[in-house]
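Coordinates only, no sequence provided:
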């Protein structure tokens, strides 16, 4: 919607002969249900062990909960990582895996994956913010940093749920419910 508004403003300005620069004050619109989730491979750490994580490989088995967070070891990101770690068994019961992505480097995430992710799920390093940008998950006013955005991605590579909130409070509950709803629909078919 924001992109359409900005495009409309630029179109009207051009039509009346004005040159304008449009600078969005918020991040681009996040991916929505039905959108294709961009494939990526990134260095990740699970329990302090570094490996190459591939979204395409993870989706061959199960849905994936992909969540973006601003920075390791900050208050909200630590709370969120703890909540995801505590819910890993619930995600597994729904047939899903979890991965967190931030702009942190892999050395930071090696520590974070042990202490805050509690060796339950991996954290992927996106130091150049390519993944963050491909998912339209940039922080408003600081595009290299991730906003707090959670996606549920079906095995066919389509986004089935998106939730954005700087508060870490509802990301786990909302993504679990989205998985339950998706599973109920697909088991009924």
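Alright, I've got the coordinates. Here the structure is a predicted model, which is why all the values come from computation and not from measurement.

Might you calculate how far stretch 66-81 sits from the centre of the chain?
When C-alpha coordinates are averaged (CA atoms, centre = their mean, to the nearest Å), stretch 66-81 and its chain have centres 11 Å apart.

Show me the contact partners of it.
37, 55, 84, 98-104, 108-109, 111-112, 116-118, 123, 132, 135, 137, 139, 145-153, 166-168, 171-172, 175 (CB atoms under 8 Å, 6 or more residues apart in numbering). In short, each C-beta sits where N, CA and C put it, glycine included.

before we move on, what about stretch 165-178?
Residues from elsewhere that reach stretch 165-178 (CB under 8 Å, 6+ apart): 65, 67, 76-77, 79-80, 83-84, 86-87, 90-91, 94, 147-148, 150, 152, 160-161, 163.

From these, list just the buried residues.
65, 67, 77, 80, 84, 87, 91, 94, 147-148, 150, 152, 160-161, 163 (16 or more other CB atoms under 10 Å).

My read is that residue 122 contacts residue 106, right?
No: if you go by CB atoms under 8 Å, residue 122 and residue 106 don't touch, sitting 10.9 Å apart.

Which one's more surrounded, those two?
residue 122 (24 against 16; other CB atoms under 10 Å).

Restricted to helices, list the contacts of stretch 165-178.
Assigned to helices by DSSP state H, the following of the contacts of stretch 165-178 qualify: 76-77, 79-80, 83-84, 86-87, 90-91.

For residue 120, give its distance to residue 156.
Noted for residue 120: a distance of 26 Å to residue 156, by CB to CB, to the nearest Å.

re the thing from before, now the ones in helices among the contacts of stretch 165-178 as TSV including pLDDT and distance to residue 31?
Putting those into TSV (pLDDT from 0 to 100; distance: CB to CB, whole Å) gives the following:
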residue	pLDDT	distance to residue 31
76	95	22
77	96	21
79	97	24
80	97	19
83	98	22
84	98	20
86	98	26
87	98	22
90	98	24
91	98	20
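
In TSV: those residues, plus distance to residue 182.
Converted to TSV, the ones in helices among the contacts of stretch 165-178 look like this (distance: CB to CB, whole Å):
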residue	distance to residue 182
76	27
77	26
79	26
80	22
83	20
84	18
86	21
87	16
90	14
91	12
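
So residue 39 is in contact with residue 56, correct?
Yes: under the criterion of CB under 8 Å, residue 39 makes contact with residue 56 at 5.0 Å.

what residues do these two have in common as contacts?
Shared contacts of residue 39 and residue 56, counting by CB under 8 Å, 6+ apart, come down to residue 157.

tell me the angle of whatever helix or strand residue 174 lives in relative to helix 75-93?
Per DSSP states H and E: residue 174 is located in helix 171-188. Relative orientation of helix 171-188 versus helix 75-93 (axes from the mean of the first three to the mean of the last three CA atoms, to 10 degrees): 20 degrees.

buried ones in helix 171-188?
Neighbour counts over helix 171-188 (16+ other CB under 10 Å) mark 171-172, 174-176, 178-179, 182 as buried.
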